[in-house]
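>>> only the shape, not the letters, is given here:
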């Protein structure tokens, strides 16, 4: 891998892409330390910084929400807007047709996603500002307007950075920003753990056990993320004039983890919402005990929600009927099956089975960090299922991007 990276830096245009990406990520990290005016950060951490949706959102911003900087909301409004547009594309026929129009259609959907990001950014910024009004030094109209505008502008700027990285850099820019935000919390966690070991607060054996379980989890995530069921497809020969088309054999890769990290994000957000409400409504304080991270009830509800969202998201993003119809249209068929409805039923049956495996895997990854923390009593390093899936997924995608660029220039990639 080190040799492949050295080869990448020897290629001029690839070196420019890597350095350009590193520069914009550095801009993101610098902005994560520029505070929003009018907010008492110490009071914010003391009152709101340890529980509820604030801790979940702080994961993707690299600690910027905890410090309440201009990038406090991170790219969360953009992620939400993208998911909403993706779901609407399935529901609204006109949007579905627009998404099939190629580059121009994708450009329009991307433009609407930007507009949705700004709208959701204003709503989320206003909600966060009202939620932390106890930490706002001057709760007047103008100071609140300044805070909301600053937070929304920070999200819009991050969205622009992500698009520039995708256009001129390496990999998906938004994913790299989230990846950087998660990784940025690791050094502080390692430093705190080292201090705890020195003071006798944490046992070295627990740290070793935590590392072993962590490495095993990463290996499992990579294995499942790259795993797929290949459905063989045969295309019939067609004679057009004097030329013969088709006749080749290919396959449809049905990924085990077809839904990616989305079900874990949905389930985490859904469970974090009642915890946040319980902070402001005294009668609902019992929810904080029921949905405590190390409680059995929380883990069971979390696992069930992850499996349910896995089936839901897979069903709306992979249309077996459309795939079967496209195969029939171009003369393709699965050996032993008739084109059309029998093919769609077979794909649905196979997809249902592997989705169960993928859902159980995601549920295990989501719950395992809570179990690890309970066993090792090591809470100084955040090791969440969402963070693990995002970090591994983005790292694999970035590696593939660099490898593709190297192979185009006849260099050896990461995989020899």
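All right, it came through fine. If you're wondering where the values come from, they're calculated on a predicted model, not measured in any experiment. Residues are numbered from 1 along each chain as shown.
>>> surely residue 330 meets residue 234?
No - when contacts are counted by CB atoms under 8 Å, residue 330 is not listed as touching residue 234 (11.7 Å). Glycine gets a C-beta too; all of them are placed from N, C-alpha and C.
>>> please, which helix or strand holds residue 231?
strand 228-235 (DSSP states H and E).
>>> which one is residue 326 nearest to, not counting chain neighbours?
Leaving out its chain neighbours, the residue that sits closest to residue 326 by CB to CB, 6 or more residues apart in numbering is residue 332, at 7.9 Å.
>>> beta partners of that neighbour?
In this entry, residue 332 is beta-bridged to residue 235, by DSSP bridges.
>>> which residues touch it?
For residue 332, the contacting residues are 233-236, 326, 339, by CB atoms under 8 Å, 6 or more residues apart in numbering.
>>> circling back: please say which of residue 330 and residue 234 ends up with more neighbours.
residue 234 (16 against 13; other CB atoms under 10 Å).
>>> how is the protein carved up into domains?
Annotated domains of the chain cover 1-185+388-416, 200-381 [automatic domain parsing].
>>> dump those domains to JSON lines, plus mean pLDDT.
Converted to JSON lines, the domains of the chain look like this (pLDDT from 0 to 100):
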{"stretch": "domain 1-185+388-416", "mean pLDDT": "80"}
{"stretch": "domain 200-381", "mean pLDDT": "78"}
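>>> with respect to residue 193, which of the ones you listed lies nearest?
Closest to residue 193 of those, according to CB to CB: domain 200-381, at 4.6 Å.
>>> and the closest one, how far out from the chain's middle?
12 Å (CA atoms, centre = their mean, to the nearest Å).
>>> just to revisit the earlier point, list the buried residues for the strand holding residue 231?
231, 233-235 (16 or more other CB atoms under 10 Å).
>>> what about the helices in the stretch 1-150 of the chain?
Ranges of helices within the stretch 1-150 of the chain are 2-10, 12-31, 41-48, 52-60, 64-67, 76-91, 93-99, 103-131, 141-168, based on DSSP state H, counting those that start in this stretch.
>>> helices or strands up against the second one?
In terms of contact count using 3 or more CB pairs under 8 Å, 6 or more residues apart in numbering; DSSP states H and E, helix 12-31 is assigned the packing partners helix 2-10, helix 141-168, helix 173-183, helix 385-408.
>>> can you count the residues close to residue 335?
9.
>>> need the contact list for the closest residue to residue 116 other than its chain neighbours.
Nearest residue to residue 116, sequence neighbours excluded (CB to CB, 6+ apart): residue 81, at 3.5 Å. Applying CB under 8 Å, 6+ apart, we find residue 81 in contact with 113-114, 116-117, 119-120.
>>> between those, which has the most around it?
In the contacts of residue 81, the most neighbours by other CB under 10 Å go to residue 117, 23 neighbours.
>>> so how far is residue 343 from the residue nearest to residue 326?
9 Å (CB to CB, to the nearest Å).
>>> cool, residue 69 as well?
52 Å.
>>> show me which residues of stretch 131-148 are buried.
131-132, 135-136, 143-144, 146-148.
>>> could you do stretch 19-29 as well?
So, applying 16+ other CB under 10 Å, buried residues of stretch 19-29: 20-21, 24-25, 28.
>>> longest helix in the protein, please.
helix 341-376 (DSSP state H).
>>> tell me the angle of it relative to helix 385-408?
Using axes from the mean of the first three to the mean of the last three CA atoms, to 10 degrees, the inter-axis angle of helix 341-376 relative to helix 385-408 is 120 degrees.
>>> tilt between helix 341-376 and strand 228-235?
Using the same axes, to 10 degrees: helix 341-376 against strand 228-235 is 170 degrees.
>>> burial count for residue 221?
Residue 221: 21 neighbours (other CB under 10 Å).
>>> that one touches residue 364, doesn't it?
No - at 10.1 Å, residue 221 does not count as touching residue 364 under the criterion of CB under 8 Å.
>>> how about the helices in the stretch 151-300 of the chain?
Using DSSP H, counting those that start in this stretch, helices in the stretch 151-300 of the chain cover 173-183, 186-199, 204-226, 262-280, 286-290, 296-317.
>>> most tightly surrounded among those?
helix 173-183 (a mean of 22; mean count of other CB atoms under 10 Å).
>>> other residues contacting that one?
21, 24-25, 28-29, 32, 59-64, 74-75, 78-79, 158-159, 161-167, 169-170, 387, 390-391, 393-395, 397-398.
>>> measure residue 139 to residue 74 for me?
24 Å.
>>> gap between stretch 113-127 and the chain center?
Distance, centroid of stretch 113-127 to centroid of chain: 19 Å (CA atoms, centre = their mean).
>>> look up how far residue 144 lies from residue 129.
From residue 129 to residue 144 the distance is 6 Å (CB to CB).
>>> out of the helices of the stretch 151-300 of the chain, nearest to residue 41?
helix 186-199 (15.8 Å).
>>> pull the contacting residues for residue 388.
Per CB under 8 Å, 6+ apart, neighbours of residue 388: 217-218, 221, 365, 369.
>>> so who does the residue lying closest to residue 171 once chain neighbours are set aside touch?
Leaving aside its sequence neighbours, residue 171 sits nearest to residue 398 (CB to CB, 6+ apart; 4.3 Å). Shown in contact with residue 398 (CB under 8 Å, 6+ apart): 170-171, 176.
>>> pretty sure residue 118 is touching residue 156, no?
Yes - using CB under 8 Å, residue 118 is in contact with residue 156, at 6.0 Å.
>>> quick revisit: farthest-separated two in the buried residues of stretch 131-148?
The widest separation within the buried residues of stretch 131-148 (CB to CB) is 16.9 Å, between 131 and 146.
>>> picking that back up, okay, the domains of the chain in JSON lines with distance to residue 192 next?
Converted to JSON lines, these look like this (distance: least, CB to CB, whole Å):
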{"stretch": "domain 1-185+388-416", "distance to residue 192": "10"}
{"stretch": "domain 200-381", "distance to residue 192": "4"}
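>>> wait, which of these is closest to residue 191?
That would be, of those and by CB to CB, domain 200-381, which comes in at 8.8 Å.
>>> pipe the helices and strands packed on helix 12-31 into a markdown table and attach distance to residue 268 per row.
Listed next are the helices and strands packed on helix 12-31 as a markdown table, based on distance: least, CB to CB, whole Å:
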| stretch | distance to residue 268 |
| --- | --- |
| helix 2-10 | 33 |
| helix 141-168 | 20 |
| helix 173-183 | 14 |
| helix 385-408 | 6 |
